[in-house]
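1. Let me see the structure of the following:
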Amino acid sequence: MRETRREPRKGRDRRLSIGVLAFRWIFVLALLRMFATPATKDFFDEELLPSPTWEWALCSLTPGLLIWLARAPEDWRRLEDERSLLRIALAFYFLYALAFALGQNVLVLWIAVAASLAGFAGMWHLNRKEPSRVR
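-> The predicted structure follows:
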């Protein structure tokens with residue numbers, strides 16, 4: 001009986017580790033993509049890459065997906081070290097998307113705004129759901 005309980009847990013741990021790794025890589029790539037537009041303008045005197053739009057919306061979904069993947073209390077506790085990076089990524093995606101959605105009227109970035117807000121709501125919910133324990 002004990003052997004069969006460990007197998008699903010082992011699979012969940014592996015999926016969570018892969019999710020954390022994917023989240024980190026996508027966040028780094030999103031940062032590089034965001035800074036690539038002004039860099040091409042500086043280096044080549046013309047904008048070779050447009051500002052991120054639909055790809056930004058896709059990248060902004062990854063923190064929320066990771067939060068959803070770690071919705072079990074024991075998984076959420078395992079992500080304790082990642083929570084600050086999740087907040088930073090959500091805030092970064094939110095601020096960029098909101099600025100360009102309002103300033104340049106890019107409608108697809110409203111998806112990123114909604115995904116960021118949903119990620120913050122998910123973190124708030126899981127933090128409140130987590131039992132407070134005195135250490």
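
2. So in this protein, where's the weakest helix or strand by average pLDDT?
-> Among the secondary structure pieces of the chain, namely its helices and strands, helix 2-44 has the lowest mean (mean pLDDT, DSSP states H and E), a mean of 81.

3. next structured bit after it?
-> Counting by DSSP states H and E, the next helix or strand C-terminal to helix 2-44 is helix 54-59.

4. how distant is that next one from the center of its chain?
-> Between the mean C-alpha point of helix 54-59 and the mean C-alpha point of its chain there is a distance of 11 Å (C-alpha atoms, centre = their mean, to the nearest Å).

5. Name the next helix or strand downstream of it, please.
-> For helix 54-59, the following helix or strand on the C-terminal side (DSSP H and E) is helix 61-69.

6. tell me which strands and helices that next one is in contact with?
-> Secondary structure elements in contact with helix 61-69, counted by 3 or more C-beta pairs under 8 Å, 6 or more residues apart in numbering; DSSP states H and E, are helix 2-44, helix 83-103, helix 109-129. Where C-beta positions appear, they are placed from N, C-alpha and C, glycine not excepted.

7. How far away from the center of its chain is the longest one?
-> Between the centre of helix 2-44 and the centre of its host chain there is 8 Å, according to C-alpha atoms, centre = their mean.

8. name the helices or strands packed onto it?
-> Using 3+ C-beta pairs under 8 Å, 6+ apart, the elements in contact with helix 2-44 are helix 54-59, helix 61-69, helix 73-78, helix 83-103.

9. Restricting to C-alpha, output the first one in CSV.
-> These are the backbone C-alpha positions of helix 54-59, laid out as CSV (Å, rounded to 0.1, in the frame of the first residue of the first chain):
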residue,chain,number,x,y,z
TRP,A,54,1.1,37.9,-28.1
GLU,A,55,4.2,36.2,-26.8
TRP,A,56,4.1,38.4,-23.7
ALA,A,57,0.5,37.2,-23.1
LEU,A,58,1.7,33.5,-23.4
CYS,A,59,4.6,34.1,-21.1
